[in-house]
Each structure stands twice: as C-alpha cells, then as structure tokens.
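1. Need a 3D model of the following:
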Amino acid sequence: MRKPRAPDLTEATISKVLDLLDGWTGKLTWDLLIAKVAEVTGYEYSRFTFAEYPRLANAFAVKKKVVSGTLTRGPRTTRDGQIQAALDKAKRFEEKANRLERENELLLEQFQTWAVNAERHGVTIDKLNAPLALPNRERSKPTR
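-> Residues are numbered from 1 along each chain as shown. As a prediction, the model looks like this:
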C-alpha cells in the first residue's frame with residue numbers, strides 16, 4: 001500500500017524548514033533533515049521536493065558547509081547557561097542573516113535577467129514602472 005502524498009510546500013512550511021536549518025547542529029544529511037521535518041510537520045517530504053525550492057537547496061548547502069567545518073568556526077562554548085543561550089541565539093540570527101543575504105543576491109540576479117529580457121522584447125522602463133490600475137470597488141447593484 002502506498003503512503004499518502006505529502007501536501008505541497010507552503011511558505012509556512014518552507015519557513016519551518018529554514019528555521020530548522022538555521023538552528024541545526026551536528027551532522028547534516030538530507031535524510032536527517034527529512035526526518036526532522038517529518039517530526040515537526042507530520043509529513044515526510046523527499047529530497048527532490050526540497051531541491052525544487054532554491055531557498056531550501058541553498059540554505060541546505062550553506063548549512064552543510066558550516067557544520068562540516070568548511071566555513072569558519074564560532075567561539076568556544078561557555079558553562080554559563082544564559083550566556084550560552086544568548087550566544088546560540090546570536091549564532092542563529094547570524095546564520096539566518098547569511099541565508100537571507102544569499103537569497104537577496106539570487107533575487108537581484110533574477111531581477112537583472114528580467115530587466116534584460118524585458119529590454120529585448122521592447123518593454124520600456126516607463127511601462128515597467130507604471131502604477132497599477134486601481135481595483136473597481138463599486139458594489140454590484142442588487143437584483144430584484
């Protein structure tokens with residue numbers, strides 16, 4: 001009997017996966033990530049599903065480098081629990097910032113591609129910057 005198909009990834013689910021990656025410590029593999037995501041969401045996604053989303057694939061690759069030691073290591077751990085918790089939180093924010101910077105770079109590359117393609121097809125900057133039409137907010141008249 002086939003297991004049921006997991007629902008499509010939503011922005012909320014993607015955010016959960018990215019938060020898991022931001023806080024990940026120890027060995028990181030696709031199988032370990034998939035198992036952790038299954039714990040959190042209740043659905044088991046495949047590696048190929050995650051690879052379809054550039055944000056997830058890039059975040060995984062960066063985190064893999066961090067945990068494997070390819071990227072520089074952070075400061076040593078301390079015995080004081082509050083200080084260690086603050087250091088861990090700061091590290092998570094730093095990793096999230098790094099991931100968001102990479103996402104921003106990818107979006108800028110996408111924008112450049114769109115700008116070149118728009119120019120090639122005769123779309124002017126004025127047309128691209130034109131304000132959007134206001135929606136028609138008139139209520140329909142009741143029928144009697």
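2. ok, R55 touching E105?
-> No - counting by CB atoms under 8 Å, R55 stays clear of E105, with 12.0 Å between them. Any C-beta I mention is one placed from the backbone N, CA and C, and that applies to glycine too.
3. okay, those two: which has more neighbours?
-> The neighbour comparison of R55 against E105 (other CB atoms under 10 Å) goes to R55, with 18 against 11.
4. Quick check: longest helix in the chain by residues?
-> For the chain, the helix with the greatest residue count under DSSP state H is helix 81-120.
5. tally of neighbours for Y53?
-> 16.
6. Could you do L132 as well?
-> L132: 5 surrounding residues under other CB under 10 Å.
7. so where does the residue nearest to the spatial centre of the chain fall, helix or strand?
-> Against the mean C-alpha coordinate of the chain, by CA atoms, centre = their mean, the closest residue is R55 at 4.0 Å. Per DSSP states H and E, R55 falls inside helix 54-68.
8. what's the burial count for R120?
-> The number of residues near R120, taken as other CB under 10 Å, comes to 8.
9. Could you tell me how far it is located from Q110?
-> According to CB to CB, to the nearest Å, R120 and Q110 sit 16 Å apart.
10. likewise D31?
-> 30 Å.
11. Give me the pLDDT for the closest residue to A57 other than its chain neighbours.
-> Among residues not flanking A57 along the chain, A51 sits closest, at 5.1 Å (CB to CB, 6 or more residues apart in numbering). Note on A51: pLDDT of 88.
12. tally of neighbours for A51?
-> The number of residues packed near A51 is 12, by other CB under 10 Å.
13. Touching the worst-scoring helix or strand of the chain on mean pLDDT from outside, list them.
-> Ranking every helix and strand in the chain by mean pLDDT, DSSP states H and E puts helix 125-129 at the bottom, with a mean of 86. By CB atoms under 8 Å, 6 or more residues apart in numbering, the surrounding residues in contact with helix 125-129 are A118.
14. To what extent is the closest residue to K96 other than its chain neighbours buried, counted in neighbours?
-> The shortest distance from K96 to any non-neighbouring residue, by CB to CB, 6+ apart, is to D22 (4.8 Å). Neighbour count for D22, taken as other CB under 10 Å: 19.
15. ok, D22 to L100 distance?
-> 10 Å.
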